[in-house]
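**Student:** Predicted structure and sequence below. I'll ask about it afterward.
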Amino acid sequence: MRVARPKSVLDRDAKEDLWLHTLSQIPTQFGKLQYLASLRNPNTGTYEHHGLFLLFGEKQASKAMRQNHKQVFADWLNMDLASQECDLVGYLVDIGGSMKEILAAWDLLEPWKQYVPNGVMGSEKALYSADLRTLVSLLKHRHGVDAPGQGA
């Protein structure tokens with residue numbers, strides 16, 4: 001009988017390693033999405049992660065980050081709006097700070113636009129933006145955030 005043993009680093013690929021050691025530790029889908037977007041250089045669109053580069057090489061590590069980013073984005077889109085709301089609230093609570101201030105800033109700045117992976121279809125990007133605008137509007141109402149121009 002063969003005994004299962006944990007995979008060593010050499011047995012894993014970069015995508016699995018990133019999931020196992022980092023993404024699985026982030027409690028929300030939206031948090032995973034934000035984290036992966038933060039690994040993308042905003043000036044070049046390339047992903048950068050020194051540790052993964054050292055373990056797996058730049059090409060394999062970049063591919064892993066890109067694939068995980070697209071998968072997490074697809075997983076977010078496949079959630080119903082109520083599940084997205086619960087997940088987003090969990091993310092916002094985890095980042096700390098005043099929920100009213102965060103929601104007012106998000107309404108104005110729309111930082112979630114930067115979390116979309118490259119190469120997704122326009123319809124996916126539009127659905128994602130519509131969902132986020134709806135959720136931010138809903139959460140602003142629930143938390144009593146004033147509309148712009150009304151003392152916000």
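**Tutor:** That came through fine.

**Student:** Tell me, what's the model's pLDDT at K7?
**Tutor:** With respect to pLDDT, K7 has a value of 47.

**Student:** Same check on G151?
**Tutor:** Reading off the confidence values, G151 has pLDDT 43.

**Student:** what's near enough to touch L135?
**Tutor:** L135 makes contact with 81, 84-85, 88 under the criterion C-beta atoms under 8 Å, 6 or more residues apart in numbering. Just so you know, the C-beta spots here come from the backbone N, C-alpha and C atoms, and that holds for glycine as well.

**Student:** Check those for burial and list the buried ones.
**Tutor:** If you count burial by 16 or more other C-beta atoms under 10 Å, the buried members of these come out as 84-85, 88.

**Student:** Go ahead and measure how far stretch 104-114 is from the middle of the chain.
**Tutor:** On the basis of C-alpha atoms, centre = their mean, to the nearest Å, stretch 104-114 is displaced by 14 Å from the centre of the chain it belongs to.

**Student:** Which residues does that stretch contact?
**Tutor:** Around stretch 104-114, the neighbours that count as contacts under C-beta under 8 Å, 6+ apart are 37, 42, 128-129, 132-133, 136-137, 140, 145-146, 148, 152.

**Student:** and those, which are buried?
**Tutor:** 37, 128, 132, 136, 140, 145.

**Student:** Which element, helix or strand, includes the fourth one?
**Tutor:** Secondary-structure element containing V136, defined by DSSP states H and E: helix 122-142.
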